[in-house]
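Q: below: sequence and its predicted model.
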Amino acid sequence: MEPKSTDTLLDKTINEKQQGDVFFKEQQMASNPEGKTFYIESYGCAMNFSDSEIVASILGGMGYSPTKEMEESDLILINTCSIREKAEDTVRKRLRIFDKVKKKKPGTLVGVLGCMAERLKHKFLEQEKLVDLVIGPDSYRSLPQLVADASDGEKGVNVLLSREETYADINPVRLNSNGVSAFISIMRGCNNMCSFCIVPFTRGRERSREPFSVIAEATELFNNGYREVTLLGQNVDSFLWKNPETDETVNFAQLMEMVAQIHPDLRVRFSTSHPKDITDEVLHTIAKYENICNYIHLPVQSGNSRILKLMNRTYDREWYKERVESIYRIIPDCAISSDMIAGFCTETEEEHQDTLSMMEFAQYSMSYMFFYSERPGTLAAKKYEDDIPLEVKKRRLAEIVRLQNQISFNNHKKDVGKTFKVLIEGNSKKSDADFKGRNSQNNVIVFPKTGDYKIGQYCNVKVKDTTSATLIGEIV
Ligand code: SAH
Ligand code: SF4
Ligand code: F3S
């Protein structure tokens, strides 16, 4: 891409954003002289946390400011996840708590956002009497109208999914930010139909965001002191934006390169990569730029080809192994992490062993591990019997977790004695005398504060020791 045209488009995007902000300010003064507050809790994946920042921006435009005190707020929101039954149970428990607050302070509005809102739609209002608003992931622009209606006593639902919405023009309000790392959604929805997964139903069709708005957002973050951005999508490797005027396209490797070129001190991360779509072009781009982190989240789900077929993942064990080999060949010090599902429909003990052997093969730095939870309406729920007993699912999961802990610990032990470039992200949880940060491979490192180093700066840390989760080091 020609840098010149990038610059002009970039300026244009920033200008439009600034105009957007002014518009919000005017609206704020007009619509809300009392300065109301909202409280928001987010569950589920990073996309949901990122969406909450878009919601915060839209609410800001209505004059609502964020508060951490639920009891004092005028509007309580919960951004929900439907990925497993347990995730939904958690939301229902939280709604019980919100009910109590609402009873003590009548007039407080309670809104359900996100994937569970999308899945249950109007049913939410029937099941949860004290919920006032139900808004799906593509309908946050209707918040001003729905909140106004709810304030007048009219409960509101908007769960329309869109083929276009990317919220590209909305400047997210960073919530719970450390001022160093931020998420940027580069696409929404998912076109895959993994048979176990509810996401295509709750988030709709895949669409990619206009790249220059991504660059503008990342540039602004960098100028505001942020030093790390994570580009988010359910399947970032299928990012593809087509310029409607010129038919020029931007793929994920190109987008990542554009973000990496903003500044060498801006770290670039991304999630999630799909084994069927991650290309060598992406791997070479990671290898080419020091500031694109050597870390790939590449969920395998299962190590067995028959199960992968039932899961409709569209790759098999051999394909996945080849991708892992290519990663280690092209980016030798890359860390790979994964997601695994234990006890999917009809999984035998031997097939479960294939997942364990895949973990050994790939040497995952860490994994998110689950047992299968049937989700209503998914392909698996319709086609296959959820026939693995819960105790068996739990035992297989425990074996997966135990093996992952061993692999992580062994990998960490190999890091002792090495020196890594670390971005300082904050104080360590245990002691204010220590910093915590991460290396390129996404490993957390804790080390004593020495010299003049500050949060948001880079330093070289030599690893002295390790636990199974954290490396311990000192600045060199
Ligand atoms: N887009 C990502 C995954 C998003 S969901 C990808 O394709 O890898 C995050 C993880 O939740 C999935 O990787 C999967 O491991 C897990 N998951 C999804 N549906 C599930 C279900 N029904 N039961 C158990 N785990 C599930
Ligand atoms: Fe779900 Fe598969 Fe899409 Fe990931 S790629 S969000 S697992 S359907
Ligand atoms: Fe959950 Fe929705 Fe993310 S179901 S995992 S919050 S896309």
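A: Great, that's in hand. Ligands and ions are numbered 1, 2, ... in the order given.
Q: so how many other residues sit close to Thr314?
A: Look at Thr314: counted by other C-beta atoms under 10 Å, it has 15 neighbours. Just so you know, the C-beta spots here come from the backbone N, C-alpha and C atoms, and that holds for glycine as well.
Q: and for Ala398?
A: 13.
Q: so Thr249 bridges to which residues?
A: Beta-bridge partners recorded for Thr249 (DSSP bridges): Lys242.
Q: what's around it, how many residues?
A: For Thr249, using other C-beta under 10 Å, the count is 12.
Q: check Asn460 too.
A: 12.
Q: could you list the paired strands of the strand or helix carrying it along with their orientation?
A: Assessed by DSSP states H and E, Asn460 sits inside strand 458-466. Using DSSP bridges, strand 458-466 pairs in its sheet with strand 419-427 (antiparallel), strand 471-475 (antiparallel).
Q: how about the residues of the stretch 251-400 of the chain by ligand 1?
A: Thr272, His274, Pro299, Gln301, Asp339, Ile341, Phe370, Tyr372, Ser373, Arg375 (C-beta under 6 Å from any ligand atom).
Q: hmm, which helix or strand of the chain has the shakiest average pLDDT?
A: When each helix and strand of the chain is scored by mean pLDDT, DSSP states H and E, helix 3-31 comes last, with a mean of 33.
Q: what does the next helix or strand along the chain from it contact?
A: Downstream of helix 3-31, the first helix or strand assigned by DSSP H and E is strand 37-42. Residues from elsewhere that reach strand 37-42 (C-beta atoms under 8 Å, 6 or more residues apart in numbering): 48-49, 51-52, 55-56, 59, 64-70, 72-79, 94, 114, 175.
Q: mind doing that once more with 6 Å?
A: 48-49, 52, 59, 64-65, 67, 70, 73-79 (C-beta atoms under 6 Å, 6 or more residues apart in numbering).
Q: quick one: which of these is nearest ligand 1?
A: For those, the closest approach to ligand 1 (C-beta to the nearest ligand atom) belongs to Asn48, at 10.9 Å.
Q: surely that closest one forms part of a helix?
A: Yes: the assignment for Asn48 by DSSP: H, G, I helix; E, B strand; the rest coil puts it in a helix.
Q: my guess is it meets Asn79, correct?
A: Yes: if you go by C-beta atoms under 6 Å, Asn48 and Asn79 touch, sitting 5.1 Å apart.
Q: between these two, what contacts are shared?
A: In contact with both Asn48 and Asn79: Ser42, Gly114, using C-beta under 6 Å, 6+ apart.
Q: of these two, who's got more company?
A: Remark: of Asn48 and Asn79, Asn79 carries more neighbours, 27 against 19, as counted by other C-beta under 10 Å.
Q: can you classify the more buried one as helix, strand or coil?
A: Applying three-state DSSP: Asn79 is strand.
Q: coming back round to it: so for ligand 2, which of the strands paired with strand 458-466 sits nearest?
A: Of the strands paired with strand 458-466, nearest to ligand 2 by C-beta to the nearest ligand atom is strand 419-427, at 27.1 Å.
Q: let's see that closest one as CSV, backbone CA atoms only.
A: Extracted C-alpha coordinates of strand 419-427, given in CSV (Å, rounded to 0.1, in the frame of the first residue of the first chain):
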residue,chain,number,x,y,z
THR,A,419,17.1,-12.6,29.2
PHE,A,420,13.9,-11.2,27.7
LYS,A,421,12.7,-7.8,26.7
VAL,A,422,9.7,-7.1,28.9
LEU,A,423,7.0,-4.4,28.7
ILE,A,424,6.3,-3.2,32.3
GLU,A,425,2.5,-3.4,32.7
GLY,A,426,2.1,-2.6,36.4
ASN,A,427,2.9,-3.5,39.9
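Q: ok, residues contacting it?
A: Under C-beta under 6 Å, 6+ apart, the answer for strand 419-427 is 178, 180, 227-228, 267, 435-437, 439, 445, 455, 457-462, 476.
Q: if we use 8 Å, what do you get?
A: Contacts for strand 419-427 (C-beta under 8 Å, 6+ apart): 178, 180-181, 227-228, 267, 434-441, 443, 445, 447, 453-463, 473, 476.
Q: mind listing the helices for the stretch 251-400 of the chain?
A: 252-260, 280-288, 305-310, 317-330, 349-362, 379-383, 390-415 (DSSP state H, counting those that start in this stretch).
Q: and the contacts of strand 419-427, which are buried?
A: The neighbour count (16 or more other C-beta atoms under 10 Å) marks 178, 180-181, 227-228, 267, 435-441, 443, 445, 447, 453, 455-456, 459, 461, 463, 473 as buried among the contacts of strand 419-427.
Q: which ones among the residues you listed map onto strands?
A: 181, 228, 267, 435-438, 445, 447, 459, 461, 463, 473 (DSSP state E).
Q: on that earlier part again, let me have the residues of the stretch 251-400 of the chain next to ligand 1 in JSON lines, extended by pLDDT and neighbour count.
A: Listed next are those as JSON lines, based on pLDDT from 0 to 100; neighbours: other C-beta atoms under 10 Å:
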{"residue": "Thr272", "pLDDT": "97", "neighbour count": "20"}
{"residue": "His274", "pLDDT": "98", "neighbour count": "21"}
{"residue": "Pro299", "pLDDT": "98", "neighbour count": "19"}
{"residue": "Gln301", "pLDDT": "98", "neighbour count": "24"}
{"residue": "Asp339", "pLDDT": "98", "neighbour count": "15"}
{"residue": "Ile341", "pLDDT": "98", "neighbour count": "27"}
{"residue": "Phe370", "pLDDT": "98", "neighbour count": "19"}
{"residue": "Tyr372", "pLDDT": "98", "neighbour count": "23"}
{"residue": "Ser373", "pLDDT": "98", "neighbour count": "17"}
{"residue": "Arg375", "pLDDT": "98", "neighbour count": "22"}
